[in-house]
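Asks: For reference, the sequence and a predicted model appear below.
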Amino acid sequence: MRSAGAAASALRGGGATGGANLLAVRGHNTALVLDLLRTAGAEGISRLELAERTGLTPQAVSKITARLRAERLVTEAGHRASTGGKPRTVLRLVPEAGHAVGVHVDRDETRVVLADLTGATVAGLRTPLDLGAGAEAVLGRVAGEVTALVERVLGGGGDLRATPAGPVLGVGVALPGPLDHVSGVLHRVTGFPEWDGFPLRAELARRLGVPVVVDKDTNAAALRLAVGGAGGDGTVHDGTVHGGDGAGGGRAGGSFAYLHVGTGLGAGLVIGGAVHRGARTGAGEFGHQVVQLDGPPCGCGNRGCVEALCLAAVARGDLTEAARVLGTGAGNLVALLDIDLVLLGGRTVAAAPEAFADGVAAVLAERARRTGEPPVPVRVASGGVAEGAAQLVLAPLFGRTDG
């Protein structure tokens, strides 16, 4: 059996400054097996079921699961009655066999979470932050909080590469765009032009000594929703009520838009089950579409942007108008992309979820009446951006290459 150190090495893969695909290439078949083990949960799944659901031969599944057990990623979860012959051994993923850190760097605060292999949050912390304080101060704060959280929960004296409770696979960082997801370099973050061209991924990886992935906050949140298939609270604001049937993302190939309203306003797009970033990671700059010519100035340099109008309405306490503006922008997305679902999230939405969900749904319902189409449902998404940032690290392990 491999040592814990060897298992950690197999999980980490790549160097501290590697690209978005951080983890060792385990092969498509292994990823399929791992993902089924992840979704099976504590109840586990048998080798026969793994073979049936992946299309692999029983021999191939046995080899893969034997290797995963040797690496301590998988363990037995008991036995299940069989229709004939001896009972089947059930296997399950070991959630604590590895961890990922997710960081949401916002304009005025940072939130850090530690997640296990299933993506479940083990611990977290939130502290104030001034994104305009300069790179040295911001990176020092983020690195310090990541190290402190890992030390508190996993031990290891603050060394993310040597935690006795299980390896840290990497750190996912989500923050306002625009940015280059592949290189981890920031561009002109609205209101903070001093970050333009800053190599955030490389600098943070150098400080922490583990792989780092950087993406827009909205993309990270959308990835988490797509991987988990959980669209929100189970209430769809289109005049009907459904169960919590998920975002339609996942592997089934659905399409949805996640609209994030916080200190800024942006969108994460999932098309055909995968996060759509665009050729230059520029997709989803939803907040800076102009909806009012000669409207109020926006921090991006344009006038009459959705972000400027929506946040101004929030500031004066007019949530009805804020939701109407957000719904107008959402209607443009629906018309352009023909998406299945609109999800709402962010601190501003969380403070008044019904007002935003009902307001956006009303705009989309009116559009549907004009076009004669069924209304696109609107749902308030659960969870946060930091959890999505952790998925930037975890998703590739389970075959989600859009992570």
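Replies: Yep, it's here.
Asks: how about low-confidence regions in the stretch 151-300 of the chain?
Replies: By pLDDT under 70, the low-scoring segments of the stretch 151-300 of the chain are 230-253.
Asks: Report the contact partners of the residue nearest to D294 when sequence neighbours are not counted.
Replies: In space, and not counting its chain neighbours, D294 is closest to R303: 6.0 Å by Cβ to Cβ, 6 or more residues apart in numbering. All C-beta atoms are positioned from the backbone trio N, CA, C, and that covers glycine. By Cβ atoms under 8 Å, 6 or more residues apart in numbering, the contact list for R303 reads 290, 292-297.
Asks: same question, H99
Replies: 114-117, 122, 150, 154, 163, 166-169.
Asks: coming back round to it: may I have the phi/psi pair for the residue nearest to D294?
Replies: Main-chain torsions, R303, degrees, to the nearest 10: phi -120, psi 150.
Asks: Could you report the pLDDT at it?
Replies: Turning to R303, the model gives it a pLDDT of 95.
Asks: measure it to R370 for me?
Replies: 27 Å (Cβ to Cβ, to the nearest Å).
Asks: try E145
Replies: Distance from E145 to R370, by Cβ to Cβ: 49 Å.
Asks: neighbour-wise, which of these two wins?
Replies: Neighbours per residue (other Cβ atoms under 10 Å) separate E145 from R370, with E145 holding more: 19 against 7.
Asks: which residue sits closest to that one in space, ignoring its chain neighbours?
Replies: V112 is the one closest to E145 (Cβ to Cβ, 6+ apart), at 4.9 Å.
Asks: Quick one: neighbours of L169, just the number.
Replies: Neighbour tally, L169, other Cβ under 10 Å: 26.
Asks: Oops, could you answer that again for G27 instead?
Replies: 11.
Asks: quick revisit: drop anything exposed from the contacts of H99.
Replies: 114-117, 122, 150, 154, 163, 166-169 (16 or more other Cβ atoms under 10 Å).
Asks: Tell me which entries of those residues lie within helices.
Replies: 150, 154 (DSSP state H).
Asks: For the stretch 301-403 of the chain, which segments count as helices?
Replies: With DSSP state H, counting those that start in this stretch as the criterion, the stretch 301-403 of the chain has helices at 306-315, 319-337, 347-351, 353-371, 385-394.
Asks: Can you lay out those helices as JSON lines showing distance to A257?
Replies: As requested, these are arranged in JSON lines below (distance: least, Cβ to Cβ, whole Å):
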{"stretch": "helix 306-315", "distance to A257": "13"}
{"stretch": "helix 319-337", "distance to A257": "5"}
{"stretch": "helix 347-351", "distance to A257": "14"}
{"stretch": "helix 353-371", "distance to A257": "11"}
{"stretch": "helix 385-394", "distance to A257": "15"}
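Asks: Please identify the most buried of those.
Replies: Among the helices of the stretch 301-403 of the chain, helix 385-394 has the highest mean neighbour count (mean count of other Cβ atoms under 10 Å), at a mean of 30.
Asks: Of the contacts of R303, just say which sits nearest to A390.
Replies: V290 (34.4 Å; Cβ to Cβ).
Asks: picking that back up, who touches the residue nearest to E145 in this structure?
Replies: 101-104, 124-126, 142, 145-146, 149, 386.
Asks: Could you grab the helix/strand/coil label for it?
Replies: Under the three-state scheme (DSSP: H, G, I helix; E, B strand; the rest coil), V112 adopts strand.
Asks: returning to that earlier point: can you flag the buried ones in the contacts of R303?
Replies: 290, 295.
Asks: Looking at the contacts of R303, which one is closest to F198?
Replies: P297 (25.3 Å).
Asks: so that closest one bridges to which residues?
Replies: R303 (DSSP bridges).
Asks: quick one: the strands in the stretch 1-150 of the chain?
Replies: 45-46, 74-80, 88-93, 99-105, 109-116, 121-128 (DSSP state E, counting those that start in this stretch).
Asks: Out of the ones you listed, which is closest to R38?
Replies: Of the strands of the stretch 1-150 of the chain, nearest to R38 by Cβ to Cβ is strand 88-93, at 5.4 Å.
Asks: got the contact list for that closest one?
Replies: 34, 37-38, 40-48, 50, 65, 69, 73-82, 117-118.
Asks: got the buried residues for it?
Replies: Residues of strand 88-93 classed as buried: 88, 90-93 (neighbour count, 16+ other Cβ under 10 Å).
Asks: Dump those into a markdown table; add distance to G266 and pLDDT as well.
Replies: Shown next, in a markdown table, are the buried residues of strand 88-93 (distance: Cβ to Cβ, whole Å; pLDDT from 0 to 100):
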| residue | distance to G266 | pLDDT |
| --- | --- | --- |
| R88 | 47 | 85 |
| V90 | 42 | 93 |
| L91 | 40 | 95 |
| R92 | 37 | 95 |
| L93 | 33 | 95 |
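Asks: Contacts only, for T65.
Replies: So T65 contacts 33, 47, 50, 74, 91 (Cβ under 8 Å, 6+ apart).
Asks: of all the residues you listed, which comes closest to L337?
Replies: V33 (33.1 Å).
Asks: how deep is the closest residue to that closest one other than its chain neighbours tucked in, by neighbour count?
Replies: Nearest residue to V33, sequence neighbours excluded (Cβ to Cβ, 6+ apart): I64, at 5.0 Å. Using other Cβ under 10 Å, I64 has 23 other residues around it.
Asks: Might you report the residue contacts of I64?
Replies: 29-30, 33, 56.
Asks: So which of those residues are in helices?
Replies: Per DSSP H, those map to helices at 29-30, 33.
Asks: Redo the residues you listed as JSON lines? Include distance to V189.
Replies: Shown next, in JSON lines, are these (distance: Cβ to Cβ, whole Å):
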{"residue": "N29", "distance to V189": "40"}
{"residue": "T30", "distance to V189": "38"}
{"residue": "V33", "distance to V189": "40"}
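Asks: So for L179, which of the helices of the stretch 301-403 of the chain sits nearest?
Replies: helix 385-394 (12.7 Å).
Asks: and the closest one, what does it pack onto?
Replies: Secondary-structure packing of helix 385-394 (3 or more Cβ pairs under 8 Å, 6 or more residues apart in numbering; DSSP states H and E): strand 99-105, strand 109-116, strand 121-128, strand 168-175, strand 212-216, helix 217-228.
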